[in-house]
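>>> Sequence below, structure please.
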Amino acid sequence: QFGWHKLHTENFPSIGRYYEADIKVLIKAATVNEIKHFSIIDESDPYSVDDAITDLLKICVKVSYDNKQGSWKDIKEEDKVYIVLAIRELTFAEDENKISFEVKCGSCKSINHMEIQNDNFQRRELPDRISKYYSEESRIFIIKSKTFGEIRMSPPSIGSMRIIAEYIKNLSTAGEDVKE
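Okay, the predicted model is just below:
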């Protein structure tokens, strides 16, 4: 499907709770060249896979706000797979590239195939012991600590995780002992 398509953050795994209210996330289908590039990655190398996903997001995702430009790096890490699958669903709209795995039924023991697509994932609400720290107004977690004062937290964005991944990759390349 051609053109840019709006994604609704309330459908994301995060349910959109960590994004500014005026965020707009648009995606487009990948082109043949982008698919070719993605298909030649070394699946045994996690850095290669991460780089390929990053390239796909750079090309196929636009983020904006009412009064400023955004970036694909603003997307929360937990929503990345949802967006990649949404791009895949746009790119292969005729179901020509299904990804599925076998699932054994707990009651009848038959083997079924479950397709990996966004509609098959469940979204969960935060447990009460965590949600009590969430601020709807600030769209982050605010924890009041006796020792450290107020701690303001949000799940990491793709941009933050890219910085951490590059740091680990550089340590590994330099021969440092990096635990997986």
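>>> State the helix or strand in which the nearest residue to Val84 once chain neighbours are set aside lies.
With sequence-adjacent residues excluded and distances taken as Cβ to Cβ, 6 or more residues apart in numbering, Val84 is closest to Ile53, at 6.1 Å. All C-beta atoms are positioned from the backbone trio N, CA, C, and that covers glycine. Under the assignment given by DSSP states H and E, the secondary-structure element containing Ile53 is helix 46-60.
>>> Run through who's touching the next helix or strand after that helix.
Sequence-wise, the next helix or strand downstream of helix 46-60 (DSSP H and E) is strand 61-64. Contacts made with strand 61-64 from outside it, assessed by Cβ atoms under 8 Å, 6 or more residues apart in numbering, are listed as 4, 23-27, 70-72, 74-75, 83, 87.
>>> From these, which one has the minimum pLDDT?
Across the contacts of strand 61-64, the bottom pLDDT score, 91, is held by Ile87.
>>> Can you point out the buried residues in whatever helix or strand it lives in?
Remark: Ile87 resides in helix 80-91, with elements defined by DSSP H and E. Of the residues in helix 80-91, those with enough neighbours to count as buried (16 or more other Cβ atoms under 10 Å) are 80, 82-91.
>>> which other helices and strands contact it?
The helices and strands touching helix 80-91, judged by 3 or more Cβ pairs under 8 Å, 6 or more residues apart in numbering; DSSP states H and E, are strand 5-7, strand 24-27, helix 46-60.
>>> Tell me how far the one residue sitting closest to the centre of the chain lies from Met161.
The residue at the geometric middle of the chain, judged as the C-alpha nearest the mean C-alpha position with Cα atoms, centre = their mean, is Lys80 (1.0 Å). Per Cβ to Cβ, to the nearest Å, Lys80 is found 8 Å from Met161.
>>> Show me what counts as buried in the helix or strand hosting Ile142.
Secondary structure here is read from DSSP H and E; on that basis Ile142 sits in strand 140-145. Burial within strand 140-145, assessed by neighbour count using 16+ other Cβ under 10 Å, is assigned to Phe141.
>>> Which secondary structure state is assigned to Leu126?
Per DSSP: H, G, I helix; E, B strand; the rest coil, the secondary structure class of Leu126 is coil.
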